[in-house]
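Colleague: Quick one: sequence and predicted model below, then my questions.
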Amino acid sequence: MNRGGAETMVMNYYRHIDRSRLQFDFLVHRETPGIYEEEIRSLGGRIYRLPPITLSGLAEYRKKVAEFFDAHPEYRLVHGHCSELGYWVYREAAARKLPFIAAHAHSSPLGVDRNSLQRFLLKHLMRPYLTHRFTCNELCGRWLFGRLGMRNAIVVRNAIDAEKFRYSPEVREQVRKEMKWDGKLVVGHTGNFSWPKNHEFLLRVFRALLAVQPECLLVLVGSGGEGEEKIRAEAQNPEWGGKIRLLGGRDDVAALLQGMDVFTFPSWFEGFGIAMLEAQAAGLPVVASDRVPEDGAVAPGHVNFLSLRESPGAWVEKILEITDGWRRTDTSAAIRAAGLDVVHNAERLQQIYLEQGGGE
């Protein structure tokens, strides 16, 4: 459990449910511990590990999934956040007649890539095994479940703890001093290093920014994803002069956002963009790609959408434009007004689990 969008959303809800009535346990696909695992255990959750899903290891993976359900007949609810890759888990759960088997749509991939055929096949194969469908918005739900499946899908917003991220001048000053960011224009990004996050384009933007604003830093917060090793190696290139800071997975993202000056989000696609919501909650101006759903822009005047067809120079112009004279304000009221504060949303999700999952 590292700090990706889906993982962060699940943790936000987990922190705010009544754990005396309902407990989350986690089935993950990695051997190395993630940033959230210590917290999960402190909240009473258990973590089980499956091998990664690979073509060569598929037979072993299916065996391990079956063994898990055989060893743990106590579970009545399965809520998957791996999109179509949850197919094997849903199938084994259905074979054991669990009353609540849900897939959750978090993204809506665009275009065609090497995984497109796999996605298409698995999302159709998984649908008969589901008893419930969840989505963060209409677009993602239609992609994963189809138009008919979306009719009875439950929309669960990617909510955050607005109070936790609320702008604090004192925290900003402290973070900038501790991180040695004083006097720098700090360009931030949070998320894993998977292809959709588009770090390659972000580096091109930062190179163009350095040419006109040498006193700047690019701060990347997060870990995991197939591109992490490549980006880490690139950041060590002497040409950057140490101005790319990779902080890894962190549990103090709310504080780090306070210290940044602008948030960049050049994703190829997103389901909702919870990282962008957190940035707005911290009062940051945002430059995001036009592939990011507009329903994630909830703080008036904070989000600026640009096409990925625009040059890195155009992104730099926008960054310099919006940071010139930007005044940070408290946006928590806007987050709550948009229905994106987690407190009420967690109560609603908990009620769905208890009512439709076979009781307490």
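Modeller: Okay, I see it.

Colleague: per-residue confidence at the closest residue to residue 199 other than its chain neighbours?
Modeller: Nearest non-adjacent residue to residue 199, counting by Cβ to Cβ, 6 or more residues apart in numbering: residue 231, 5.2 Å away. Heads up, the C-betas are built off the backbone N, CA and C, glycines and all. For residue 231, the pLDDT comes out at 97.

Colleague: Work out for me the element residue 231 sits within.
Modeller: Under the criterion of DSSP states H and E, residue 231 resides in helix 228-235.

Colleague: Okay, buried residues for that helix please.
Modeller: By neighbour count on 16 or more other Cβ atoms under 10 Å, the buried set for helix 228-235 is 228, 231, 234, 235.

Colleague: Touching, the third one and residue 206? I think so.
Modeller: Read that as residue 234. No: assessed by Cβ atoms under 8 Å, residue 234 is found out of contact with residue 206, at 10.8 Å.

Colleague: Common neighbours of these two, please.
Modeller: Taking Cβ atoms under 8 Å, 6 or more residues apart in numbering as the criterion, residue 234 and residue 206 both touch residue 244.

Colleague: What segments of the stretch 201-350 of the chain are strands?
Modeller: 216-221, 244-248, 262-265, 286-289, 303-306 (DSSP state E, counting those that start in this stretch).

Colleague: thinking again about what came up before, gap between the residue nearest to residue 199 and residue 58?
Modeller: 29 Å (Cβ to Cβ, to the nearest Å).

Colleague: same deal with residue 232?
Modeller: In this view, residue 232 and residue 58 are 29 Å apart by Cβ to Cβ.

Colleague: just to revisit the earlier point, for the residue nearest to residue 199, what are its contacts?
Modeller: 193, 199, 203, 220, 246 are the contacts of residue 231 under Cβ under 8 Å, 6+ apart.

Colleague: coming back round to it: in CSV, list the C-alpha atoms belonging to the helix holding residue 231.
Modeller: Output in CSV follows, covering the C-alpha atoms of helix 228-235 (Å, rounded to 0.1, in the frame of the first residue of the first chain):
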residue,chain,number,x,y,z
GLU,A,228,10.6,5.0,-11.1
GLU,A,229,14.0,3.6,-11.8
LYS,A,230,14.3,5.6,-15.0
ILE,A,231,13.3,8.9,-13.4
ARG,A,232,15.6,8.4,-10.4
ALA,A,233,18.5,7.7,-12.8
GLU,A,234,17.7,10.8,-14.8
ALA,A,235,17.5,13.0,-11.7
